[in-house]
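>>> Here is a sequence together with a model predicted from it:
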Amino acid sequence: MTWSGVLRTLRWPLALLALVLLLWTVRGTLLRQAGDYLDNEDPPLHGDALYVLGGGALERGTQAAQVMAEGRAPEAWFTGENVSTILLAEGIEKRECEQSRGVAVAAGLDPAKAHVLPVGTSTMEEAVAVVDHAARLGHDTILVLSTHFHLRRVGRVFRPLAREKGITVVLCAAPSIHFEKDRWWETEEGMLMVNNEYAKLLYYAWRY
């Protein structure tokens with residue numbers, strides 16, 4: 001076989017190899033952008049109330065105390081009715097809303113401004129409950145706080161429901177305690193979080 005024939009035979013394997021090498025070279029940038037897409041935080045605006053979604057009690061509760069300390073809302077509501085199986089194994093029946101509130105109060109939030117809204121076992125259930133609750137209280141702008149990479153889905157679920165009630169949703173991000181946002185792929189927790197969120201985005205797009 002001639003040299004030109006060899007090159008013709010190998011052109012696709014070589015092209016594939018070049019593509020793989022290129023992707024490997026820019027992998028950090030691509031992975032960071034994948035995380036940035038999920039992180040849909042809004043500018044730090046004020047609202048009539050702060051709603052802290054269930055789950056990630058330590059990070060979300062701590063950040064809730066910080067947001068309230070900045071004077072961005074007059075009161076905070078903590079959602080989530082799930083009880084961690086880890087707590088149940090220890091005989092502790094404390095719901096997510098109670099956990100997050102406890103962390104926030106321990107971090108300096110005035111207990112008189114911290115309330116529980118013990119509803120929601122999913123983001124959709126929380127969205128329906130929060131929007132209805134905010135509408136009953138006459139709020140026109142609410143802050144919704146969750147973990148950084150949860151915010152893309154939170155916005156997609158909350159905002160259509162809120163618009164129907166004339167309510168503006170401002171998304172607030174709580175940094176993860178398990179990984180750095182810009183280097184999420186370096187930890188198992190970060191990998192699970194991002195993979196799960198993209199899977200849930202697809203599921204929510206299909207389901208709702």
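The structure has been received and is ready for your questions. None of these values were measured; they are calculated from a predicted model.

>>> give me every residue that touches His139.
47-49, 167 (CB atoms under 8 Å, 6 or more residues apart in numbering). (Glycine included, C-beta is placed from N, CA and C.)

>>> what does Val83 give?
Val83 neighbours (CB under 8 Å, 6+ apart): 93-96.

>>> one more time with 7 Å, if that's ok
The contact partners of Val83, by CB atoms under 7 Å, 6 or more residues apart in numbering, come to 93-95.

>>> got TSV for those, with neighbour count and distance to Ser146 too?
Conversion of the contacts of Val83 to TSV gives the following (neighbours: other CB atoms under 10 Å; distance: CB to CB, whole Å):
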residue	neighbour count	distance to Ser146
Glu93	10	24
Lys94	14	19
Arg95	21	17
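
>>> quick one: which of these is nearest Thr29?
Among the contacts of Val83, Arg95 lies closest to Thr29 (CB to CB), at 40.4 Å.

>>> Ala64: which of the contacts of Val83 is nearest?
Arg95 (15.7 Å).

>>> I'd like to know how far that closest one sits from Asn82.
Separation of Arg95 from Asn82 (CB to CB, to the nearest Å): 7 Å.

>>> For Glu197, see how far away the spatially most central residue of the chain is.
For the chain, the residue nearest the mean C-alpha position is His150 (1.8 Å; CA atoms, centre = their mean). His150 sits at a distance of 7 Å from Glu197 (criterion: CB to CB).

>>> likewise Gly155?
Distance from Gly155 to Glu197, by CB to CB: 12 Å.

>>> The protein: helices as residue ranges?
3-25, 27-38, 57-69, 85-89, 96-106, 123-136, 151-164, 188-207 (DSSP state H).

>>> give me the low-pLDDT residue ranges for this protein?
The chain contains residues with pLDDT under 70 at 1-28.

>>> try 90 this time
Applying pLDDT under 90 to the chain flags the ranges 1-32, 40, 82-94, 177-178, 181-182, 185-186, 207-208.

>>> With mean neighbour count and distance to Ala76 added, can I get the helices of the chain in TSV?
Output for the helices of the chain, formatted as TSV (neighbours: other CB atoms under 10 Å; distance: least, CB to CB, whole Å):
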stretch	mean neighbour count	distance to Ala76
helix 3-25	10	43
helix 27-38	14	24
helix 57-69	22	6
helix 85-89	10	22
helix 96-106	23	7
helix 123-136	19	12
helix 151-164	19	16
helix 188-207	14	24
